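>>> Sequence first, then the predicted structure, then my questions.
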Amino acid sequence: MNKDAWGNLRDELVETVGKNNFVNWIEPLEFSRLENGVATFLVPTHFMGDWVQRNFGENILRLLAAAKHPVSRVQFSVPHMPRKAAAAPRTQPSPAPQNEDCDLPGAPLDQRFTFDKFVVGKPNELAHAAARRVAEGGDVTFNPLFLYGGVGLGKTHLMHAIAHELQKQSPNLKVVYLSAEQFMYRFVQALREKQMMDFKQIFRSVDILMVDDVQFIAGKDSTQEEFFHTFNALVDQNKQIIISADRAPGEIKQLEERIKSRLQSGLVVDLHPTDYELRLGILQQKVELHREKYGNLAVANGVLEFLAHRISNNVRVLEGALMRLFAFASLVGKEITLDLTQDCLADILREADRKVTIDEIQRKVSEHYNIRLSDLIGPRRVRTIARPRQVAMWLAKQLTSRSLPEIGRRFGGRDHTTVMHGVRRIEELKTQDSQIAEDLELLRRALEA
Ligand code: ADP
Ligand code: MG
């Protein structure tokens, strides 16, 4: 038998397994060889191989036998170099590939996100230790493991690292990693195609489930509901669950209380914003990786320290900066000096510099309007104080990345709707009142200087 023969034959399975199963599980199979009565198919993941073996192995065997092929067994194997990972340049810091495998239960893992490429420092040591513990497998000691932290701090990296490690130890373990968005997508698809039984079965038969960025399902009621049931079913079977989010469970708005408390019932650890040492450590490690790719480009003393000082918390931004620097230096064939760094990364550095704090805004605004800081954040509602307060809120919204609730909290514990109202009011006045427009411009410039 060859690939074409299999291609013609397999269509007969649509009848037996149903269209959806056919598309999800049979079509992705790649016929590899038939030797000594064993038909081998290539599959992208172990999980998929396992699943197809258990659920459709018999069907495939019968089909092949009926077509008079000398087959007594079918097996599924994962190519050594996963095809997708091989296609992606290994050292290029791009976000993890997503959505390519929509039909599979899990998203593909990024080959670069392993433990040995994760630099440990004070801000992430706890999260790292917990991830390591879970990656050892064995008894489930805390369930779920809930990792949270701001963007680009390594949540996805740690989850993939756990998955790689577990799959290395026990290739038959069904480790499924996906984003909450993909979970929802599959759930909705299953509803639409009336495949809810399959959906439940798939998700309840995994050994380890990882759902990334779970804040995404907040407010999506039926998805939350299904997630909750899946979660409970797995915990009941003592299966490990690993969840990430951009904030603590209790802080996720529009998430049902019972889900919050479930999410809090295991171990909750956060990744803190990076500090200087960690950034430097990460840069040093990435430089080694870039050297493999770009050859031995020289990096002048002080360049990495400069970057670690000047660039923000987000490791993704740091990686992007370094990659651009290396690409540029190799293009022009120059050593990476401080001058070259400043030229090449001017925009990123400017961006990183623009870190205005709410404290500064409040101070500058009260100076500008000549009112007391305590009044600015206090309860008084007279116009001479309320208007500057709204101006300060508007500036906080424009110049910082703080959310409305956070801003509200910093203004004497006000509600986010109050902040929203203030920001809108200033937006209106900006076009009607030239004095306000001027104030805003002045303050903005002073703050960004
Ligand atoms: P998050 O999921 O928290 O937004 P990611 O896990 O996607 O962040 O990390 C963003 C990028 O930064 C990835 O390329 C990741 O490899 C890298 N990264 C983050 N933290 C570390 C670390 N401690 N050591 C090495 N690389 C890191
Ligand atoms: Mg992530």
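Arrived safely, thanks for sending. Ligands and ions are numbered 1, 2, ... in the order given.

>>> Please name the residues that touch the closest residue to residue 284 other than its chain neighbours.
Among residues not flanking residue 284 along the chain, residue 304 sits closest, at 6.3 Å (CB to CB, 6 or more residues apart in numbering). C-beta coordinates here come from the backbone N, C-alpha and C atoms, glycine included. By CB atoms under 8 Å, 6 or more residues apart in numbering, the residues touching residue 304 are 280, 283-284, 287.

>>> Pick out the most distant pair among the residues you listed.
Comparing all pairs in those by CB to CB, the longest separation belongs to 280 and 287, at 10.5 Å.

>>> secondary structure element for the spatially most central residue of the chain?
By CA atoms, centre = their mean, the chain has its centre lying nearest to residue 156, at 4.6 Å. Applying DSSP states H and E as the criterion places residue 156 in helix 155-169.

>>> who does that helix touch, helix- and strand-wise?
helix 125-135, strand 145-148, strand 175-179, strand 208-212, strand 240-245 (3 or more CB pairs under 8 Å, 6 or more residues apart in numbering; DSSP states H and E).

>>> Quick one: closest of those to ligand 2.
Between ligand 2 and those, the shortest separation by CB to the ion is 5.6 Å, and it involves strand 208-212.

>>> hmm, that closest one touching ligand 1?
No - residues of strand 208-212 are not located near ligand 1 by CB under 6 Å from any ligand atom, the shortest gap being 7.0 Å.

>>> Show residues contacting the helix holding residue 156.
By CB under 8 Å, 6+ apart, helix 155-169 touches 46, 96, 109-110, 113-115, 117-118, 127-128, 131, 134-135, 137, 147-149, 173, 175, 177, 208, 210, 212-213, 242, 244, 271.

>>> Which among the residues you listed count as buried?
Using 16 or more other CB atoms under 10 Å as the burial test, those include 46, 96, 109-110, 113-115, 118, 127-128, 131, 134-135, 137, 147-149, 173, 175, 177, 208, 210, 212-213, 242, 244, 271 as buried.

>>> ok so, going back, ligand 1 versus the residue nearest to the centre of the chain, what's the distance?
3 Å (CB to the nearest ligand atom, to the nearest Å).

>>> Next: residue 326.
15 Å.

>>> In contact with the nearest residue to that residue once chain neighbours are set aside, which residues?
Closest residue to residue 326 apart from its sequence neighbours, by CB to CB, 6+ apart: residue 290 at 4.6 Å. The contact partners of residue 290, by CB under 8 Å, 6+ apart, come to 91, 297, 322-323, 326.

>>> what about the strand or helix carrying residue 290, distance to the chain center?
Residue 290 is part of helix 276-294, with elements assigned from DSSP H and E. Its chain's C-alpha centre and that of helix 276-294 lie 21 Å apart, by CA atoms, centre = their mean, to the nearest Å.

>>> rounded to a whole number, what's the mean pLDDT of that helix?
Mean pLDDT, helix 276-294: 90.

>>> How about stretch 65-84?
78.

>>> so where's the stretch 51-200 of the chain shaky on pLDDT?
Applying pLDDT under 70 to the stretch 51-200 of the chain picks out residues 80-104.

>>> Which single residue of it ends up nearest ligand 2?
residue 156 (3.3 Å).

>>> any idea how far residue 416 is from that residue?
Distance of residue 156 to residue 416, given as CB to CB, to the nearest Å: 28 Å.

>>> if you skip the residues just before and after it, what's nearest to the residue of the stretch 251-400 of the chain found nearest ligand 2?
Closest approach between the stretch 251-400 of the chain and ligand 2, counting by CB to the ion: residue 316, at 9.2 Å. Among residues not flanking residue 316 along the chain, residue 152 sits closest, at 3.8 Å (CB to CB, 6+ apart).

>>> What about the residue of the stretch 251-400 of the chain closest to ligand 2, how many residues nearby?
As a burial measure, residue 316 scores 15 neighbours (other CB atoms under 10 Å).

>>> Surely it is in contact with residue 154?
No - counting by CB atoms under 8 Å, residue 316 sits too far from residue 154 to count as a contact (9.6 Å).

>>> Next, residue 42: phi, psi?
Main-chain torsions, residue 42, degrees, to the nearest 10: phi -90, psi 140.

>>> partners of it in the sheet?
residue 30, residue 77 (DSSP bridges).

>>> contacting residues around it?
By CB under 8 Å, 6+ apart, the residues touching residue 42 are 29-32, 76-79.
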